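Engineer: using only what follows, build the 3D model:
(one chain, ligands or ions: 1)
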Amino acid sequence: MKFFIDTANLGEIKEAQELGVLDGVTTNPSLMAKEGITGEKNIINHYKAICEIVDGDVSAEVIATDFDGMIMEGEALAALHPQIVVKLPMIAEGIKACKYFSGKGIKTNVTLVFSSGQALLAAKAGAAYVSPFLGRLDDVSTDGLHLISEIKQVFDNYSFETQILSASVRHTMHVVNCAKIGSDVMTGPLSSIKGLLKHPLTDNGLAQFLADYNKGNN
Ligand code: E4P
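Structural biologist: Numbers count the residues shown, from 1 in each chain. This next block holds a predicted model:
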């Protein structure tokens with residue numbers, strides 16, 4: 001399973017990249033605003049800075065909600081860097097734009113997906129990635145992981161090439177369960193990746209090994 005980090009924070013992106021397990025980055029307008037990145041020029045420069053840190057795909061979201069606007073913005077974003085994936089909202093205009101971009105060989109990520117029917121539409125339109133938001137479903141007492149399983153079944157039935165990008169991941173168990181289901185990618189905060197390192201038996205075991213080694217050196 002690929003690990004994407006869901007942030008616009010350059011420090012966190014660098015830390016995940018240095019860990020050696022980072023496959024890409026997802027951003028959205030809220031994550032940009034959280035880092036104080038506003039205004040078209042600053043946002044564009046920020047995407048370029050992210051692409052210089054990571055080797056993999058970087059999702060850049062369009063703001064327009066009409067077809068022509070999405071095409072104009074998406075083409076400009078895609079031209080910024082070969083790693084840019086155009087992120088489109090799961091609405092009718094977004095699906096039309098997805099079809100347009102897939103026809104041009106430009107990778108897309110259809111976002112704000114909350115049902116397997118929406119995922120199926122995005123796959124038929126040629127999306128490179130579909131982003132079901134599992135954490136936001138959990139927030140409204142609906143099983144987000146169940147949606148990931150359903151989409152996996154639908155995509156496997158027809159061998160769609162669209163990758164399931166499990167988004168809105170909040171913690172380590174989301175990551176582990178996405179991997180068990182067979183999600184192609186997960187995107188989450190740095191804490192959801194670093195949390196996978198933790199086990200007290202690892203820490204205790206290492207402390208014991210070091211203590212025993214040092215006995216021999218005294
Ligand atoms: C990623 O593409 C999404 O924008 C993101 O995962 C949403 O996460 P949130 O529900 O934690 O805001």
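Engineer: enumerate the residues of the chain near the ligand.
Structural biologist: 6, 26, 28, 111, 131, 133, 135, 136, 167, 168, 187 (Cβ under 6 Å from any ligand atom). No exception for glycine: its C-beta is placed from N, CA and C like everyone else's.
Engineer: if we use 8 Å, what do you get?
Structural biologist: 6, 26-28, 30-31, 59, 61, 87, 109, 111-112, 131, 133, 135-136, 139, 165, 167-170, 187-189 (Cβ under 8 Å from any ligand atom).
Engineer: can you show me the strands along this structure?
Structural biologist: Ranges of strands in the chain, per DSSP state E, are 2-6, 24-26, 57-61, 84-89, 108-113, 129-132, 163-166, 185-188.
Engineer: please name the nearest non-neighbouring residue to the residue most central in space within the chain.
Structural biologist: In the chain, the centroid-proximal residue (Cα atoms, centre = their mean) is residue 187; its distance is 3.5 Å. Nearest non-adjacent residue to residue 187, counting by Cβ to Cβ, 6 or more residues apart in numbering: residue 4, 3.9 Å away.
Engineer: any idea how far residue 36 is from that neighbour?
Structural biologist: For residue 4, the distance to residue 36 (Cβ to Cβ, to the nearest Å) stands at 22 Å.
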